[in-house]
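1. sequence and predicted structure are below.
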Amino acid sequence: MMPALKTWFRARISPALLAAAAALCLAPAAHAERADRDKPLVLEADNASYDDVKQVYTLTGNVVLTKGTMVLKSDAAELRTDPEGYQYAIATAKPGKLAYIRQKRDNVDEYIDGWGDRIEYDGKQGISKLIGQARMARLAGGKQIDEIRGAVITYDSNNEYYTASSSGDKGAVTSSGRVRAVLSPRQPASAPAAPPLELKSAPAPSKS
């Protein structure tokens with residue numbers, strides 16, 4: 001018997017995606033690598049400057065931010081640290097390129113990869129927001145298992161769920177006007193398998 005299906009969708013998720021998502025069988029959730037939160041953040045870039053008043057690092061050229069298993073790569077980034085010591089980053093890519101983020105899931109040989117024109121990383125909440133040409137993939141043993149595309153994808157690594165929208169802030173809109181997901185068949189219940197991610201619908205954008 002397959003595990004109970006627990007997936008939430010609203011009108012913003014296309015019928016095709018809804019049908020595909022019926023294949024998602026949720027087991028107790030894994031979490032992002034727990035040790036990451038205690039690791040130092042390492043900055044690498046061709047150029048770096050620091051504003052002591054705003055407490056903001058500005059990085060340009062082959063930017064790489066590493067915190068444990070979390071790796072964020074982009075052409076430029078702004079990084080700040082709050083009084084509690086949590087880091088927040090806004091990474092952007094040049095036209096024709098995408099910013100990239102990767103993080104390992106806890107207790108399983110799986111990684112979450114994400115791409116976008118812009119990536120906003122919230123170290124306190126464990127949230128990564130991919131904006132513009134957004135794509136997120138789950139890999140197991142180096143093989144891609146699932147993939148989702150949208151204008152905006154928000155991934156909560158602490159609680160293991162994500163939302164996807166076909167439109168969003170900063171002018172991000174998918175070319176098709178829809179969210180698209182590709183989900184691989186699940187292994188039989190007798191075979192060990194890591195719990196898949198939980199997909200929740202994105203909230204409708206507020207009207208001004």
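-> That came through, no problem.
2. which residues in this protein form strands?
-> Per DSSP state E, the chain carries strands over the ranges 42-44, 47-51, 56-67, 70-81, 87-92, 99-104, 110-116, 118-122, 127-140, 143-156, 161-165, 180-183, 198-201.
3. can you put these in JSON lines and add mean pLDDT, distance to Asp36 and mean neighbour count?
-> From N, CA and C alone the C-beta is placed, and that goes for glycine too. Formatted as JSON lines, the strands of the chain follow (pLDDT from 0 to 100; distance: least, C-beta to C-beta, whole Å; neighbours: other C-beta atoms under 10 Å):
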{"stretch": "strand 42-44", "mean pLDDT": "95", "distance to Asp36": "12", "mean neighbour count": "13"}
{"stretch": "strand 47-51", "mean pLDDT": "95", "distance to Asp36": "22", "mean neighbour count": "12"}
{"stretch": "strand 56-67", "mean pLDDT": "96", "distance to Asp36": "6", "mean neighbour count": "18"}
{"stretch": "strand 70-81", "mean pLDDT": "96", "distance to Asp36": "5", "mean neighbour count": "20"}
{"stretch": "strand 87-92", "mean pLDDT": "96", "distance to Asp36": "11", "mean neighbour count": "20"}
{"stretch": "strand 99-104", "mean pLDDT": "95", "distance to Asp36": "7", "mean neighbour count": "22"}
{"stretch": "strand 110-116", "mean pLDDT": "95", "distance to Asp36": "12", "mean neighbour count": "21"}
{"stretch": "strand 118-122", "mean pLDDT": "97", "distance to Asp36": "12", "mean neighbour count": "21"}
{"stretch": "strand 127-140", "mean pLDDT": "94", "distance to Asp36": "12", "mean neighbour count": "21"}
{"stretch": "strand 143-156", "mean pLDDT": "92", "distance to Asp36": "14", "mean neighbour count": "21"}
{"stretch": "strand 161-165", "mean pLDDT": "89", "distance to Asp36": "18", "mean neighbour count": "23"}
{"stretch": "strand 180-183", "mean pLDDT": "84", "distance to Asp36": "26", "mean neighbour count": "17"}
{"stretch": "strand 198-201", "mean pLDDT": "60", "distance to Asp36": "20", "mean neighbour count": "18"}
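4. so what's Gln55 up against?
-> Neighbour list for Gln55: 80-81 [criterion: C-beta atoms under 8 Å, 6 or more residues apart in numbering].
5. same thing but at 10 Å, please
-> Counting by C-beta atoms under 10 Å, 6 or more residues apart in numbering, Gln55 makes contact with 79-83.
6. Val71 now?
-> Val71 neighbours (C-beta under 10 Å, 6+ apart): 42, 64-65, 100-104, 111, 113.
7. and those, which is closest to Gly142?
-> Closest approach to Gly142 among the contacts of Val71 (C-beta to C-beta): Tyr111, at 8.7 Å.
8. perfect, that will be all.
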